[in-house]
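Colleague: Curious how this folds, go ahead:
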Amino acid sequence: MPFAERLQYLRLEMNLSEKQLADAIDITETAIRLYEQGKLEVTLEVLEKLADYFDVSTKLLLGTIFSTLPADEAVNGYRIVQEMVETRNKEKSHRQTNAAVQEIQLPPVDSWVQATGSLPSVSGGQVPVFDRIKRTLAMNDDYIVEYRSINNSITKIFGDDLANYFYLYVYGDNMNPTLKDQDTVLVKKHSPVENNDIVVALTGFEDAVIARITRTENQIILFFDNSNYPAEIYTEGQYRIVGKVIWKSPT
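Modeller: Numbers count the residues shown, from 1 in each chain. Presented below is the predicted three-dimensional model:
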C-alpha cells in the first residue's frame, strides 16, 4: 500500500477532513489533497509531522516496513493492514481515479483498476487472451484462445506498447471476492510491481497463479484474497513474475 493510501486511511480512521489534518500539522489543505492523490512528493519534515500526529513510524507511512521484516512477521503485518484497509473501503467503495476512466471501484488495498461501468468504445489495439500460462511452456501460443481489444483509455494510462499486454482467464476461488472463477484480467508485462499489487507469477505449480505480492529482503510472499488459502513464501530462483494485473474485464 503506497504512502497516499496509508495517509488517506489514517485520516479517515480519525474522521478528519483534509482541512482539519492540514491545520493540525500546519500545512495547506491542498497539500494534503495532493499527497493523497499521489501527485506531490512528501518532504521529510512533513513526513515526521504526520508520523508524530498519527503516532506511527515514518517507515509505516512510506510503506517500506514489510520489505525489512522477516517473512513470517511480514505475513502477519500485511494481514493486519489489509483488514484495516478493507474496513475503510467498505465505507468508501467508489472514488475517481482518472479523468480518462469513468467511475471505478477498487478492491481492498489496491493499485489496479476494476471496471464497474462501460468505457468509451475506442480500441487501443488487439492482444491475445490466454487460457492458462504453464511454467514449462510459459507464454506458449497454444494457450491463446482468442484476441481481444484494449480500450484506448487503458493504453493512455499504462502505455501503448501492446506487445506487453495480454488477457488471462481466472480459474478457482483463491482470489475471491476480488476475482471470481471465469473472470478475465488484463495483465501488463514489465510493469513496476509494488507491495500489494496483484500479479501473475510462475512458482512451483504447473500453472501460473494470480495473487497479491509483498517483497521482503530476500523473499516474496504471495497472498490470496480468499482467507481459506494460506500465504506462500518463495526465495529468489523459485518464482518469476510474469506481469501485473491492471484491469478486470467487466462481466
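Colleague: All the helices of the protein, residue numbers only.
Modeller: According to DSSP state H, the chain carries its helices in the segments 3-13, 18-25, 29-36, 44-54, 58-62, 71-91, 152-158.
Colleague: surely residue 149 meets residue 129?
Modeller: No: look at residue 149 against residue 129 with Cβ atoms under 8 Å: they stay out of range, at 10.6 Å. Just so you know, the C-beta spots here come from the backbone N, C-alpha and C atoms, and that holds for glycine as well.
Colleague: of those two, who's got more company?
Modeller: Set side by side, residue 149 and residue 129 show more neighbours around residue 129, with 18 against 13, by other Cβ atoms under 10 Å.
Colleague: Give me the spatial nearest neighbour of the more buried one, chain neighbours excluded.
Modeller: Of all residues beyond its chain neighbours, the one nearest residue 129 is residue 167 (4.1 Å), with distances taken as Cβ to Cβ, 6 or more residues apart in numbering.
Colleague: List the contacts of that neighbour.
Modeller: For residue 167, the contact set (Cβ atoms under 8 Å, 6 or more residues apart in numbering) comprises 127-130, 148, 184-187, 249.
Colleague: Domains in the chain, by residue range?
Modeller: With domains defined by automatic domain parsing, the chain comprises 3-91, 113-248.
Colleague: Format the ones you listed as a markdown table; extra columns: mean pLDDT.
Modeller: Listed next are the domains of the chain as a markdown table, based on pLDDT from 0 to 100:
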| stretch | mean pLDDT |
| --- | --- |
| domain 3-91 | 77 |
| domain 113-248 | 82 |
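Colleague: Tell me how many other residues surround the residue nearest to residue 242 when sequence neighbours are not counted.
Modeller: Setting aside the residues directly before and after it, residue 242 is nearest to residue 200 in space (Cβ to Cβ, 6+ apart), at 4.3 Å. Residues lying near residue 200 (other Cβ under 10 Å) number 22.
Colleague: start at 32 instead
Modeller: In the new numbering, first residue 32, that becomes residue 231.
Colleague: So residue 231 is in contact with residue 240, correct?
Modeller: Yes: between residue 231 and residue 240 there is a contact at 7.5 Å, judged by Cβ under 8 Å.
Colleague: now do the same end-to-end measure for stretch 202-215.
Modeller: 9 Å (Cα to Cα, to the nearest Å).
Colleague: which residues touch residue 162?
Modeller: Counted by Cβ under 8 Å, 6+ apart, residue 162 has contacts 174-176, 200.
Colleague: Most neighbours out of those, which is it?
Modeller: residue 174 (18 neighbours).
Colleague: hang on, the earlier thing: any idea how far the residue nearest to residue 160 is from residue 185?
Modeller: To residue 185, residue 198 is 11 Å away according to Cβ to Cβ, to the nearest Å.
Colleague: Mutual contacts of the two, please.
Modeller: Shared contacts of residue 198 and residue 185, defined by Cβ under 8 Å, 6+ apart, are found at residue 217.
Colleague: number of nearby residues for residue 196?
Modeller: 26.
Colleague: I should have written residue 80 there, sorry.
Modeller: 16.
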